[in-house]
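**Q** Sequence first, then the predicted structure:
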Amino acid sequence: MKLKTALMGAVAAFALAPAAFAERGSDGQLNIIYWQAPSILNPYLSSGTKDVESASLVLEPLAGFNEKGEVIARLVTEVPTVENGGVSADLTSITWKLIPDLKWSDGTPVTAADAVFTAQYCMDPAGGCAQLARYEGVQSVEAVDDLTIRVTFTGPKPNPYQAFVGATSPLLQAAQFADCLGAKAPECTAANFGPIGTGPFVVTEFKTNDTIQFAANPNYRDPMKPAFATVNFKGGGDAQSAARAVLETGEFDYAWNLQLAPDVLAGMAAAGKGHVINAFGTLVERIEMNMTDPDAGLAEGERSTVAHPHPILSDIKVREALSKAIDRNLLVEVGYGPAGRATCNLVPAPELFASDNTGCIAQDMAGAKALLDEAGWVPGADGVREKDGRRLHLLYQTSTNAVRQDFQALIKGWWNELGVEVELKNIDASVFFGGDPGSPDTFQKFYADVEMYANNFDGTDPEPYLAQYTCAKAPGPDSQWQGENINRFCDPAYDAMVAELGATGEMAKRGELARKLNDMLTKDSLVVVPLVDRGRNSGQAESLGGVVLNTWDSELWNVSDWFRVK
Amino acid sequence: MLTYTIRRLLLAIPTLFFISLIIFLLLDLAPGDPMSQVPLTVPPEVKAKMREALGADQPMVVRYVLWLKQFFVVEPQHILDGWFHTNWAGDSQRILSWQSRSPVADTIAERLPQTLTVIGSSYLIGVLIALPIGILSAYRQYSWFDQLGTFIAMIGFSVPTFFTGVLLIVIFSVNLHWFPSIYDTTLKVTDWASFGTQVRQMAMPVAVLSLYNAAQISRYMRSSMLDNLTQDYVRTARAKGLTERVVVLKHVLRNSLIPVVTVIALGIPTIFAGAIITEQVFKVNGLGALLINAIYANDIPMVQTLTFIFAVLIVLFNLVADIVYGMLDPRIRYD
């Protein structure tokens, strides 16, 4: 009897096994909707998130990031570090070892030569590679043998996980792109629309700015994955209809980046077909203070340049008062709900680099008023503060976007209460972020006193991001108004510390320096006034399993593990 | 009539050149930049290199002349090569989209079928509904049918498609689950089942656009019928003892159709231009969606090519309307 029971149990276990370990292609079709439609499947020719993430189903880097922001091996046996000898002790080279017998989806072997080619493809000066920053400081990429890739840097590189790491820097097949180098890159439409990769899926049909059809890769390295046989990747429309398709009608399984009002999403999720998932990355909505004078009375070429310090905002007391008057928690509630949290940091994550600075969160209107009094700005006849005959008037600009206009209105209200006269301006995003040196309305030109937008950094290392605020990177007429230090903040101590960070390899020390740099920009000087740490919202059908939202890499980073809940 | 047609065609050439120049200048002088959608994490030096690779840093004149050459020489050569398997074009540069880096003409060819199916059938259905409504409304002026027709036409005319579209989605997709809210452009009609799916996914966008088209055309039909019904020749026809059927459908309708046919012909280019809003609402991703998407992304070659093709169609169908008018109405002679 016991034997019989045991046998029955064994039979039952075998019968149940397929449900737990789905075979490749056993779960039918996965439907994904991105409300921005992918244009091209080659991340080296377009850095749009929609393009990079759709391509990540096919193209893979040597290593990626997991949901905690840690580097994980994808096509290599292990992540090289100084400890395991993969990164040289002087930090000038990194050696990757490919997994043996790895195959492209067409069945040919993946070799180190593909990596050498990929670097050559992106670093070609005539190619206009969108991910060139990932290869910055790379002196050479060589194939030591078929499975070993050595990347040598021009100097010590404390963060060597740049080239070939993350969805923005995947491996291309040398055979497919051989004739597509440099100026010929855009002519290879067939390759750009249907790259051969190592990822869980292969492209079967690509319609630019519309839909992509994928099928499971027959040569994927894990024979049991992916669980889905095909993927229908639809693009276009708007966030609201994408949310509706997943949460209300159940036509799609996954919708990306649902930037919608918290109550709209909650209403849709009530239909029970799906739910909203969120995760936080490094995207911070902030107010940037102009340290130079944007006065229209100044000659063109003089306006908003370092030659003329800002008559009002050069005083730290004024900047501090403006920050103190803001109720960040209310902003989060109005604009982002669960997908946002109040922050005082420019670098809110990863943990190692995030400062413990929370002093700005509590609103302090009385303190703010006292600071302005102290600074010599006293209320005039109409309630607007004045000093030496000058009114405390600020022009506050941002891009056109419903949430940003709500924020402008709220912040204007608080600043008015302080006795500050505020003029609001909003500019179409394509102009504001366009960088056209001929336009007076770009965020780089900063012909306003304060401006608001959001920015983040690529990957997990904030060094290039913090290095944007060095003196030399201030935009001006001599640099065609290009440059990332849009506040024109300039502090030699800051520049020295950035240089120190660039030469430091030890992680704990890097964390400490990054936190100090963050504090210098935020709580010590209030040149940057962080408001909200903005998370990512995505929609997931109840019938879809295995999704782990990752803000450090492609959202579809683990699509090979997704399955249908039965 | 032939000399008139030739004269008009010749006159169209400078007109179209002028239009192309205006479009080019408008796009070029408008603020905006193809790099505006690139994430801020991409450094400005890299952006400058990307701009260079697109050719966006070339002087305006160079880009305009290059576009003219590509549009009038290279692209037609490619079309002929495709038909006759020749190789005239060689590897001369085609017009490439800045977004997808692929030839603009290929994308347009890919989008045309779904636009023609959805927008074309809604135009056809709109016309087929509008004509009987217009005729009957005019014949029974101020009857309850006329009042109802006027009411529906007013709704179709004044309620925007982004409202009716979303309303239909909420009723028929979200609540009743009858129709899909997202159009599947990859669906291929191979059997009755897939034909059924195609009809179901076309139902809502076609309904929205048909209502709009029918509203417009039925009003033209009605007023044109009314003009003719009071004419002397109608009284004569009735006095001759002809049946009402013959009077209305043969005498009045034929004469009333003359201006309506012109209106219908002038509306045909809009089928190709797609319906920007309706396509966006139902994710049909036809030419209208392509255009608006390219405008947002500052994809100048795509916008320039599309708008110019629309301009050509408009000029062409204006000519067609004039010629048809002359053929239908013997009183009109151009020579």
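**A** Nice, thanks for sending it over.
**Q** so what's the residue of the stretch 201-335 of chain B found nearest chain A up against?
**A** Closest residue of the stretch 201-335 of chain B to chain A, CB to the nearest CB: B:Asn285 (4.3 Å). Where C-beta positions appear, they are placed from N, C-alpha and C, glycine not excepted. Shown in contact with B:Asn285 (CB atoms under 8 Å, 6 or more residues apart in numbering or on different chains): A:Ala37, A:Lys207, A:Asn209, A:Asp210, A:Thr211, A:Gly235, A:Gly236, B:Arg111, B:Gln114, B:Tyr183, B:Thr185, B:Glu279.
**Q** same thing but 6 Å
**A** Residues near B:Asn285 by CB atoms under 6 Å, 6 or more residues apart in numbering or on different chains: A:Asp210, A:Gly236, B:Thr185.
**Q** which residue sits closest to it in space, ignoring its chain neighbours?
**A** For B:Asn285, ignoring the flanking residues on the chain, the nearest one in space by CB to CB, 6 or more residues apart in numbering or on different chains is A:Asp210 at 4.3 Å.
**Q** Show me which residues of the stretch 351-500 of chain A sit near chain B.
**A** By CB under 6 Å from any CB of the partner chain, the residues of the stretch 351-500 of chain A that approach chain B are A:Ser430, A:Val431, A:Phe433, A:Gly434, A:Gly435, A:Asp436, A:Ser439, A:Asn455, A:Phe457, A:Asp458, A:Gln482.
**Q** if we can go back for a sec, kindly reformat the contacts of B:Asn285 as CSV containing secondary structure, distance to A:Lys445 and pLDDT.
**A** Conversion of the contacts of B:Asn285 to CSV gives the following (DSSP: H, G, I helix; E, B strand; the rest coil; distance: CB to CB, whole Å; pLDDT from 0 to 100):
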residue, secondary structure, distance to A:Lys445, pLDDT
A:Asp210, coil, 36, 89
A:Gly236, coil, 32, 83
B:Thr185, coil, 41, 85
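**Q** can you redo the residues you listed as TSV with neighbour count and distance to B:Ser121?
**A** Converted to TSV, the contacts of B:Asn285 look like this (neighbours: other CB atoms under 10 Å in any protein chain shown; distance: CB to CB, whole Å):
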residue	neighbour count	distance to B:Ser121
A:Asp210	27	20
A:Gly236	27	21
B:Thr185	19	15
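**Q** Same list (the residues you listed) but as TSV, adding distance to B:Phe84.
**A** Conversion of the contacts of B:Asn285 to TSV gives the following (distance: CB to CB, whole Å):
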residue	distance to B:Phe84
A:Asp210	30
A:Gly236	35
B:Thr185	30
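**Q** Show me the shaky parts of chain A.
**A** A:1-22 (pLDDT under 70).
**Q** Just want the residue of it that's nearest chain B.
**A** A:Gly128 (2.3 Å).
**Q** In which helix or strand does the residue in the stretch 1-150 of chain B that chain A sits nearest to reside?
**A** Proximity of the stretch 1-150 of chain B to chain A (CB to the nearest CB) peaks at B:Ala53, 2.3 Å away. Per DSSP states H and E: B:Ala53 is located in helix B:44-54.
**Q** List the buried residues of that helix.
**A** Under the neighbour-count criterion of 16 or more other CB atoms under 10 Å in any protein chain shown, helix B:44-54 has B:Pro44, B:Val46, B:Lys47, B:Ala48, B:Lys49, B:Met50, B:Arg51, B:Ala53, B:Leu54 buried.
**Q** Name the residues that touch it?
**A** A:Gly128, A:Ala130, A:Leu132, A:Ala133, A:Gln482, B:Met35, B:Asp57, B:Trp98.
**Q** now swap in stretch B:58-74 and tell me
**A** B:Phe24, B:Asp28, B:Ala89, B:Ser92, B:Arg94, B:Ile95.
**Q** again, 10 Å this time
**A** With CB atoms under 10 Å, 6 or more residues apart in numbering or on different chains as the test, stretch B:58-74 has contacts from B:17, B:20-21, B:24-25, B:28-29, B:52, B:55-57, B:75, B:78, B:88-90, B:92-96, B:103-105, B:300-301, B:304-305, B:308-309.
**Q** from the residues you listed, which would you call buried?
**A** B:20, B:24, B:55-56, B:75, B:78, B:89, B:94-96, B:103-105, B:300-301, B:304-305, B:308-309.
**Q** The residues you listed in helices, which ones?
**A** Here DSSP state H is the test, and the buried ones among the contacts of stretch B:58-74 give B:Ser20, B:Phe24, B:Glu75, B:His78, B:Val104, B:Ala105, B:Ile300, B:Pro301, B:Gln304, B:Thr305, B:Phe308, B:Ile309 as lying in helices.
**Q** Against A:Leu549, how distant is the closest residue to the residue of chain A closest to chain B other than its chain neighbours?
**A** Distances taken as CB to CB, 6+ apart place B:Ala53 nearest to A:Gly128, at 2.3 Å, with adjacent residues excluded. According to CB to CB, to the nearest Å, B:Ala53 and A:Leu549 sit 33 Å apart.
**Q** Just the terminal-to-terminal distance for stretch B:74-94.
**A** End-to-end distance of stretch B:74-94 (CA to CA, to the nearest Å): 6 Å.
**Q** Quick one: distance of it to the chain centre.
**A** 27 Å (CA atoms, centre = their mean, to the nearest Å).
**Q** now do stretch A:75-90
**A** With CA atoms, centre = their mean, you get 26 Å for stretch A:75-90.
**Q** Could you list the buried residues of stretch A:407-427?
**A** By neighbour count on 16+ other CB under 10 Å, the buried set for stretch A:407-427 is A:407-408, A:410-412, A:414-415, A:418-422, A:426-427.
**Q** wait, stretch A:82-95
**A** A:Gly86, A:Val87, A:Ser88, A:Leu91, A:Thr92, A:Ser93, A:Ile94, A:Thr95.
**Q** go on, stretch A:497-515?
**A** Here stretch A:497-515 shows A:Met497, A:Val498, A:Leu501, A:Gly502, A:Thr504, A:Gly505, A:Arg510, A:Gly511, A:Leu513, A:Ala514, A:Arg515 as buried, counting by 16+ other CB under 10 Å.
**Q** One more: stretch B:233-247?
**A** Buried-residue list, stretch B:233-247, by 16+ other CB under 10 Å: B:Val234, B:Ala237, B:Val247.
**Q** From one end of it to the other, what's the distance?
**A** 10 Å.
**Q** now what about it, what contacts it?
**A** Counting by CB under 10 Å, 6+ apart, B:Tyr139, B:Asn228, B:Leu229, B:Gln231, B:Val248, B:Leu249, B:Lys250, B:His251, B:Val252, B:Leu253, B:Asn255 sit against stretch B:233-247.
**Q** The residue lying closest to the third one once chain neighbours are set aside and B:Thr262, how far apart?
**A** Meaning B:Leu229. Of all residues not flanking B:Leu229 in the chain, B:Val252 sits nearest, at 5.8 Å (CB to CB, 6+ apart). Using CB to CB, B:Val252 is found at 17 Å from B:Thr262.
**Q** Which residue ranges of the stretch 151-300 of chain B form helices?
**A** Listed in chain order, the helices of the stretch 151-300 of chain B (DSSP state H, counting those that start in this stretch) span B:161-168, B:192-229, B:232-239, B:244-246, B:253-273, B:276-282, B:287-296, B:300-328.
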